[in-house]
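# Need coordinates for the following:
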Amino acid sequence: MIKTLVNAWKIADIRKKIIFTAFIILVFRIGSMIPVPFLDIAGEIDIGKGNTILTYLSLMTGSAFTYGTIFAMSITPYINSSIIMQLLAVAIPALERLQKEGEEGRKKIASITRYVTVLLAIIQSLAYYFFLRANDYLMKDASGAAFTGFAAVFQAVVIITVLTAGTAIIMWLGEQITIDGIGNGISIILFAGIVSRFPTLIRQLFQYLSTGRTVYKVLVPLVLVIFVLMVCYIVYMDNAERRLSIQYAKRVVGRKMYGGQSTHMPIKVNMSGVLPIIFASSILSLPATVQMFISSDKYAGTFWEKFFDAFQSDSWWYAGMYFVFIIFFAYFYSTIQYNPIEMANNLRKNNGAIPGIRPGKSTSDYIFRVISRLTLIGVLMLSVVALFPIIWSLVCDAAIPPLTEGGDDGGMSISLGGTSIIIMCGVALETVRQLESQMMMRHYKGFLD
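Predicted coordinates for the structure are as follows:
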């Protein structure tokens, strides 16, 4: 990776793209520090502990959500919009036809995705405003009372508009990276937001060391080693694939013979990427988020107290449900993405076949079995990364008691989850591939040279 970046920097055209991308990232980080008007936040917003939609948004926005900045919504509405459009393309024939119309169809889908992004940003900003108002983070008048009447409406409109505009600006910045930068702009902005949390993670590790306890002097270096091993593991998982041998039959057209070559059909082991984790986290965070808006006195000592406790990220019940949901969404997404019948029909149309497998239904059944097995292997590998921070925190909380009774200096939690690490590694690998392909285009010698 470092060698690729050094070689890319030597090419003037690519160097300009790298500098432009770095400038866009700088603009994004500056916007993540500019506060929204009419907010009165001293330090950070208290988003509570455990797994909630708020902690998820804080993670994806690089902590901009917890500081109430103009980029507090970050790129999450666009990601949700892209996922929604991808799922609707399977259910709605009109969108499926647009996908198959080539460049023009993709432009129309991209335009629809932008409109859906703005709509989701408005809804998300509205919810964020009500959360800020409920927790007394809005600016008050000179007498110290909350605004009422037209002033309150104006305050709400300004906050929601600024947050929505921030999402639109980030979406535009990502598209500029895709057009004039090194490509893959939305992913790079998401990558920059996650990486910006590294100083928080480092400060957290130093806080554990500052306690002077021997157990932390052992566990902190162990966490760093595990992090490096996990990155290597994710890179291996991302590159792993199963190659199905394909043999094309010979055919004669006029006086020429075509076909007869052997090739392969690559199928990635982790074909669904990080989406199963994102879906599972979103579903499991809903009960914990609802709990934030309900007074604990209303459900104390009832069934609902045990119900909400089961959905906290520091429980074994949560880890088990997380694992089950990841498996479910991995199979759900692979079913949407891969159609064995269509793949078998395309092979038959091109006079191709899998050696030892009859064309038609036998081929589709064989591809279905291969995809099912690969999905299971991939989701088990994915679950190791997703569940490790949760299991680590549970084990440390049970094994490391606080120094004082009722204190919070026990256990050891990791603020950087498995989702973040997978996204970082995936974006880094994709960016390196983009740079390599651009360098290859500039070093390619045509037949006229």
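# Confirm Met271 sits in a strand?
No: using DSSP: H, G, I helix; E, B strand; the rest coil, the assignment for Met271 is coil, not a strand.
# Tell me how many other residues crowd it.
The burial count assigned to Met271 is 18, neighbours taken as other C-beta atoms under 10 Å. C-beta: built from backbone N, CA, C; applies to glycine.
# Quick check: closest non-adjacent residue to it.
Excluding the flanking residues, the one nearest Met271 by C-beta to C-beta, 6 or more residues apart in numbering is Ser334, at 5.5 Å.
# after the strand or helix carrying the one you found, next one along is what?
Using DSSP states H and E, Ser334 falls within helix 316-337. Going down the chain from helix 316-337, the next helix or strand is helix 340-349, by DSSP H and E.
# all helices of the stretch 101-250 of the chain, in order?
With DSSP state H, counting those that start in this stretch as the criterion, the stretch 101-250 of the chain has helices at 103-134, 149-180, 185-195, 198-210, 214-239.
# tilt between the second one and helix 103-134?
For helix 149-180 against helix 103-134, the angle by axes from the mean of the first three to the mean of the last three C-alpha atoms, to 10 degrees is 140 degrees.
# buried stuff in helix 149-180?
Neighbour counts over helix 149-180 (16 or more other C-beta atoms under 10 Å) mark 155-156, 159-160, 162-168, 170-171, 173-178 as buried.
# Now do it: which elements does it pack against?
Counting contacts by 3 or more C-beta pairs under 8 Å, 6 or more residues apart in numbering; DSSP states H and E, helix 149-180 packs against helix 12-31, helix 76-91, helix 103-134, helix 185-195.
# Out of those, which one sits most buried?
helix 185-195 (a mean of 22; mean count of other C-beta atoms under 10 Å).
# Other residues contacting that helix?
21, 24-25, 28-29, 32, 59-62, 64, 74-75, 78-79, 170-171, 173-179, 181-182, 420, 423-424, 426-428, 430-431 (C-beta atoms under 8 Å, 6 or more residues apart in numbering).
# now do stretch 351-368
Residues outside stretch 351-368 that contact it (C-beta under 8 Å, 6+ apart) are 244-249, 251, 259, 338, 340-341, 343-344, 347-348.
# rewinding a little: now what about the helix holding Ser334, what contacts it?
Applying C-beta under 8 Å, 6+ apart, the contact partners of helix 316-337 are 51, 86-87, 90, 271-272, 275-277, 279-281, 283-284, 310-312, 371-372, 375-376, 378-379, 382-383, 386-387, 390-391, 394.
# quick one on the thing from earlier: and which of the contacts of stretch 351-368 is nearest to Ile202?
Tyr338 (40.5 Å; C-beta to C-beta).
# Next, the angle from the helix or strand containing Leu5 to helix 12-31.
Under the criterion of DSSP H and E, Leu5 resides in helix 2-9. Here helix 2-9 runs at an angle of 110 degrees relative to helix 12-31 (the same axes, to 10 degrees).
# which of the residues in the lengthiest helix in the chain are buried?
Assignment by DSSP state H gives helix 361-399 as the longest helix of the chain. For helix 361-399, burial by neighbour count (16+ other C-beta under 10 Å) applies to 363-364, 366-368, 370-371, 374-375, 378-379, 381-383, 385-390, 392-394, 396.
# again, but for stretch 309-319
By 16+ other C-beta under 10 Å, the buried positions in stretch 309-319 come out as Asp309, Ala310, Phe311, Gln312, Ser313, Asp314, Ser315, Tyr318, Ala319.
# Apart from its neighbours in sequence, what residue is nearest Ala386?
Gly418 (4.2 Å).
# Ala146 now?
Among residues not flanking Ala146 along the chain, Lys140 sits closest, at 5.6 Å (C-beta to C-beta, 6+ apart).
# how close does that neighbour get to Thr161?
Lys140 sits 20 Å away from Thr161, going by C-beta to C-beta, to the nearest Å.
# How about Ile226?
Distance, Ile226 to Thr161, using C-beta to C-beta: 44 Å.
# For Phe71, what are phi and psi?
Dihedral pair for Phe71: phi -100, psi 30, per degrees, to the nearest 10.
# how many neighbours does it have?
Neighbours of Phe71 using other C-beta under 10 Å come to 30.
# how near is it to Val36?
Phe71 sits at a distance of 10 Å from Val36 (criterion: C-beta to C-beta).
# Same list as before, the helices of the stretch 101-250 of the chain that is, but in CSV and with mean pLDDT and distance to Phe303 included.
Below are those laid out as CSV (pLDDT from 0 to 100; distance: least, C-beta to C-beta, whole Å):
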stretch, mean pLDDT, distance to Phe303
helix 103-134, 86, 25
helix 149-180, 90, 36
helix 185-195, 84, 37
helix 198-210, 81, 35
helix 214-239, 84, 37
